[in-house]
Each structure stands twice: as C-alpha cells, then as structure tokens.
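**Q** Show me the folded form of this:
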Amino acid sequence: MTTSAVLDAARAQAQLARGLWADRRFRAPMLTIWVATFGSSLHGPVTTFFYLRVGASARDVGALNAIITGVAVAVAPLWGVWQDRARSARPMRAAAALCAAGCAVRGAASSVGELYAAAAVLGLGGVNLWTAVLAHVCHGTPRARRSLVTSGYAAQQGALRLLGTALFPAFDGGLRLCGLARELPRFRVEMGVCTLFCFAGVFFMFAAARGAGAGAAARAAAGA
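**A** Residues are numbered from 1 along each chain as shown. This next block holds a predicted model:
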C-alpha cells in the first residue's frame, strides 16, 4: 500500500469518526465504546498477572477467559432480540452498566471465586456492549454506508487498543514512581482504571437518555 493510500484511508477514518460524533444518535454510544476500549487496553497487559496475584492458577486463568467468552456467545442472541424489539438505547445502557459492574468486581476481587463472579458478569453483558453499539449505529446508517461504518468501527477500536497498550509501560512506571512498588496494589489500581472508564461510559449513556427525554418533553409542550 502506498503512502498516499494510507493517508487517504486515515482521512476517511477521521471523517467517519467526526461524522459519528456529530450525529446525536451515535455520540454517546460511540463515546462509550471509545473510552471503554481505551480503558480495557490500558490494563490489558497486566490482567493475567493480576489474576495470578489474587490466587488464580494457570488453569483458572484459562477458565476465566473461557467463561467470559462462553457466556457472551450464549447470551448474544438474547441481546440481539432485546435490541430488535426495544429499538432504543436501553440494551446498550444495560450492557454498559454490566461492563462497569463486572470491571468493578474484578478490580476489587480478593479471591478466585470473586474473579469467577466478575467473569460471569462481564460475559453476561459487558462483552456484548461492543456488538450492541455496532448494531445500533448500523441500524441508523444508510445501507450503502454500513460496510464503511463496520470497517471504521473495527479500525477505531484497533487504534485505541494499540494506543492503550503502548501507554501501559508509562502508566505502570508512573505508579511505581508514586510509591506503588508492590505488585498487587499496583495491579489493582491498573485494573481499577478500566472501571473508571466503564462508569464514564455509563454516565454518557444515561446523560444522553435524560437529555433526549427532556428534549422530547419540551417539544411536546411546545406543540401543545
């Protein structure tokens, strides 16, 4: 691929991101995805080490990842049915809340059992947040542009994952400089950062819903 083609692709992706931000239907869901993707990538390199420090075995680590994936796959059709019937942001808000709750339980876990509980919660709704938002955006996009939106959605996540992972050494080093030399407390802080990003996404989603409700009420009152 030539340099010109790379620049053209980058400009197209930047234009797509601006378009998603400009559309009020997509702004809060996409902002939630952006911050959640970045936050999860910022702690990604330490997740396995955190599991081990809490007391998980290598077998537990594999089982935890399998539970997250397996539960997510099992309930994904149910989320899809709910989203098709609701035609609203409620499924996305619920998925964002479960993602935040799962991250919070995992970051605060002091036993392997609590790690398993967190994995179940993350699989139940957290993982499906990404699919729910993509479905929402595609449903509100003209059919001719859906392939562009889908590829752009994946590209944005890839870029944010790369950025978050690349920043991890500086993040970890900064915590060491702040006095967090012991591994478990430092890992817990790093895992907790993801929780903050997830709760920020929940706030964005509910704030947008409240704003939309207030706007609808105002329009109804004006019409009356």
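
**Q** What segments of this structure are helices?
**A** 3-22, 24-43, 47-54, 58-86, 90-108, 112-121, 128-139, 146-177, 183-223 (DSSP state H).

**Q** Can I get those in a markdown table including mean pLDDT and mean neighbour count?
**A** Any C-beta I mention is one placed from the backbone N, CA and C, and that applies to glycine too. Formatted as a markdown table, the helices of the chain follow (pLDDT from 0 to 100; neighbours: other CB atoms under 10 Å):
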| stretch | mean pLDDT | mean neighbour count |
| --- | --- | --- |
| helix 3-22 | 79 | 12 |
| helix 24-43 | 90 | 21 |
| helix 47-54 | 96 | 18 |
| helix 58-86 | 91 | 15 |
| helix 90-108 | 90 | 23 |
| helix 112-121 | 96 | 18 |
| helix 128-139 | 89 | 20 |
| helix 146-177 | 92 | 15 |
| helix 183-223 | 77 | 16 |
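
**Q** ok, now how distant is residue 116 from residue 138?
**A** The span separating residue 116 from residue 138 equals 34 Å under the rule CB to CB, to the nearest Å.

**Q** what's in contact with stretch 14-25?
**A** Residues outside stretch 14-25 that contact it (CB atoms under 8 Å, 6 or more residues apart in numbering): 26-27, 30-31, 137, 140, 148-149, 152, 156, 208.

**Q** now, the most widely separated pair of those?
**A** 148 and 208 (23.7 Å; CB to CB).

**Q** Apart from its chain neighbours, what residue comes closest to the residue positioned nearest the centre of the chain?
**A** Residue closest to the average C-alpha location in the chain (CA atoms, centre = their mean): residue 36, at 3.2 Å. Spatially, and ignoring its direct neighbours in sequence, residue 36 is nearest to residue 201 (5.1 Å; CB to CB, 6 or more residues apart in numbering).

**Q** The one you found contacts residue 99, correct?
**A** Yes - applying CB atoms under 8 Å as the test, residue 201 and residue 99 come out as touching, 7.3 Å apart.

**Q** got any residues that touch both of these two?
**A** By CB under 8 Å, 6+ apart, the residues touching both residue 201 and residue 99 are 36, 129.

**Q** Residue 46 reaches residue 188, doesn't it?
**A** No - Residue 46 is beyond contact range of residue 188, at 9.8 Å (criterion: CB under 8 Å).
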